[in-house]
Every structure is written in C-alpha cells, then in structure tokens.
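> quick one: sequence and predicted model below, then my questions.
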Amino acid sequence: MSDMHEQRNDGKRKAVKTIALTAATLALLGGVAGCAESKATPMDDQYAGNSGETEKSQEEQSQSGDASGSSSDSSDSSSDGSNGSDSSSDAKDTGNYKDGTYSINGQYGPVGEDSIDVHFTIKDQNVQTVEVIGHPFTSISKKHQTDFANAINGVVDGKPLKGLKVDKVAGASWTSDAFNKALDLCRQQASIQ
C-alpha cells in the first residue's frame, strides 16, 4: 500500500512541477510579447544592426560624394552613436524639413528578429519616394515585408512628411509599425533646427 501512496505523491509532485514550468514559460512568453514594440535607428548609427546591404549602400553614397545622401544629412541629427538610443536624439521634429535622402533601419517582431531598411527621399516638405528593403526572419515575415514594400509607395509618395502615419499596409501590421517609427526618426533627421 505504501508503494501506491508513494506513486500517487510522485504523480502529484510531477503535476505540480509541470504546472510550475508551464506558468514560468507563459510568464517568459508574456515578457517576450511585451518586447514586440518596433524601434527605428539611423542606418549610420552603430546600434542599427544593419544588414550589410545598408552598409554597402552607405559606403557607395559616401564614396560617390552624394550630398543628399544619408551620411551627410543624418550627421546633423547628432546620431553619432554616443546616445545609444533608437529614435531619441537631440533633433526635434520642427515641422519644417530639408530636402535629402534619409536611411533608417526599423526592427520589430516579438524579439526584434525582423527588420526593414527604409530610404526616404524628401523634397519640398513631401515624401518624394520611399524604398523599403526587408530582412525577414521567417517566410511569413518575407511575405508581409514584400507585400508592404510593393504597396507603400502608393500610400506615401507625394504626401507631406509632417504628421504622416500609415495604418496597416497590405496586411502587415508590425511592418507598418516599424515604418511609422522610421517616419518619426526621418522627421527628426530632416527637421531644420
């Protein structure tokens, strides 16, 4: 009889351990889900986590002496990496923007595993063109990023930069959120102080 009693207690202990492990796992996952907020960094920032493509395109712009390139414009935003933050810098959105090309990396996903490189061309206070290059972590992310990149020009090209924000574009909500963070940072970088 005592063997049966021991087995029953062993079963209860295993059940308690399983419940505790499940609760701990859910708590961790809940913490991870809280990290799903998008962020944006200038692509010349040492914390941008850029994909290699962006570094190459920045090198090409700086070597070609492109005065409207991101390397010359974003240096005005004091994004030398010393602040180590994503979209907070000394530059404020003044609502008055200088022409140029601004390159920003937006990261998103439950643990920031997906990213997009966004190249904004600003002219006469408006978004002239946008190029989005996706760096997906999964095939699902790739589909959302591709659909977003194909649709975004029809949504923002020719629109005033001031106050511009997109809703879910092409069904890609997280990509849209990362794009909006990139828009915020673009406004800061392009603002005439």
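Cool, got the structure.
> Asp117 pairs with what?
Asn105, Ile133 (DSSP bridges).
> can you give me the strands in this structure?
39-42, 100-108, 114-123, 126-135 (DSSP state E).
> quick one, which of those gets closest to Gln145.
strand 126-135 (3.0 Å; Cβ to Cβ). Heads up, the C-betas are built off the backbone N, CA and C, glycines and all.
> now do that closest one against strand 100-108, angle only.
40 degrees (axes from the mean of the first three to the mean of the last three Cα atoms, to 10 degrees).
> report the residue spans of this protein with pLDDT below the cut-off.
Within the chain, the ranges that satisfy pLDDT under 70 run 1-36, 44-89.
> now Arg187. Nearest residue, chain neighbours left out?
Distance criterion Cβ to Cβ, 6 or more residues apart in numbering; nearest residue to Arg187, sequence neighbours excluded, is Asp93 at 4.3 Å.
> would you mark the buried spots in stretch 104-113?
Within stretch 104-113, the residues scored as buried using 16 or more other Cβ atoms under 10 Å are Ile104, Asn105, Gly106, Gln107, Tyr108, Gly109, Gly112.
> returning to that earlier point: what about the residue nearest to Arg187, how many residues close to it?
17 (other Cβ atoms under 10 Å).
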